[in-house]
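Novice: Pasting a predicted model and its sequence here:
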Amino acid sequence: MADHQQTVLLMDGAMGTELIARGAANDQSLAWSATAISDHADVITAIHRDYVSSGATIHTANTFRTQRRTVGQQWSQWTRRAIGLARNAVPNDHRVAGSLPPLCDCYRPDLSPPDPRPEQREFANALHQFGCDLILCETHCHPSESLSAVEEAIRTGSETWLSLTAGPHADLLSESEMVDIALAAVDRGASAILVNCTPASQTLRFLQALVSADLKVPVGAYANAGVDEERCGWHSQSQHDTTRYAHHAMTWISAGATIIGGCCGIGPATIAELDTRLRKISQ
């Protein structure tokens, strides 16, 4: 059981699926969320501000798909712009995280390149140079690519978190496999370990395994809105969905999580509900 007097950090929710919900992106191309940086910067700014109003204090810049491999020559410009949009939209005392995802499909570890380091190094250096407060290596499930991402992020001097996914069906990693990667990442310098982009209904068992491993760093979760029969949960949430997700998140805190937020399908309304519940348990 977590000590509720310990501060729980509240991350924001999804960017990509929120852009889709607002008509500013589609998921038909690999660069789906990145194109909004040039076409709908105002919507990105509005989303960041909505998460501020919802109570989030850690905000992930829209860099999930701005690597050179994905968007070509404009990668650096778009990465800088994404970080700037986040920085300008949130208070000075809030933290901006730079997203460093897998180089290919986050649900296809078999596509991981033989040597991801050069691209990871280039991207991590850009995230650091352009002003992120921390680098969030997120939605990883390939063991060696996960760890090289952490190493390249650490190399920049940035605080580095690793977030692992078990995928839409919670079968890309077992609990023990996730723990093995987490232990190795902490050994390399990761300062927090999280679970993300896994259905909320399946996240607790992975989080419990991480807590039981006694990693000596904060652990947390930001899951997808989907339930078991849904691929990702990329849908607009009803009040019932918001309440259901918040219930899951409270079980993560009870299990020991000190960082929570949302991934695909989780918008500002759900983050606001989490903030309300966190305030109640801290009283």
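Specialist: Ah, there it is. Numbers count the residues shown, from 1 in each chain.

Novice: And the contacts of stretch 276-283?
Specialist: With CB atoms under 8 Å, 6 or more residues apart in numbering as the test, stretch 276-283 has contacts from 4, 5, 7, 8, 10, 55, 246, 249, 250, 253. Where C-beta positions appear, they are placed from N, C-alpha and C, glycine not excepted.

Novice: Please work out the average pLDDT along it.
Specialist: Throughout stretch 276-283, pLDDT has a mean value of 91.

Novice: That one: how far from the chain's middle?
Specialist: With CA atoms, centre = their mean, to the nearest Å as the basis, stretch 276-283 stands 23 Å off its chain's centre.

Novice: Retrieve the pLDDT associated with the nearest residue to residue 105 once chain neighbours are set aside.
Specialist: Excluding its sequence neighbours, the residue lying closest to residue 105 (CB to CB, 6 or more residues apart in numbering) is residue 111, at 5.5 Å. pLDDT recorded at residue 111 is 93.

Novice: Surely residue 111 touches residue 145?
Specialist: No: under the criterion of CB atoms under 8 Å, residue 111 is not in contact with residue 145, lying 9.9 Å apart.

Novice: Give me the more crowded residue out of these two.
Specialist: Between residue 111 and residue 145, counting by other CB atoms under 10 Å, residue 145 is the more crowded of the two (22 against 13).

Novice: Make sure the more buried one is actually in contact with residue 116.
Specialist: Yes: using CB under 8 Å, residue 145 is in contact with residue 116, at 5.1 Å.

Novice: Name the residues contacting each of these two.
Specialist: Counting by CB under 8 Å, 6+ apart, the contacts common to residue 145 and residue 116 are residue 103.

Novice: Give me the phi and psi for residue 97.
Specialist: phi -100, psi 140 (degrees, to the nearest 10).

Novice: For the residue lying closest to it once chain neighbours are set aside, give me its contacts.
Specialist: Spatial nearest neighbour of residue 97, chain neighbours left out: residue 136 (4.2 Å); criterion: CB to CB, 6+ apart. Counting by CB under 8 Å, 6+ apart, residue 136 makes contact with 60, 97, 98, 99, 100, 161, 163.

Novice: I'd guess residue 136 is in a strand, am I close?
Specialist: Yes: Residue 136 sits within a strand when classified using DSSP: H, G, I helix; E, B strand; the rest coil.
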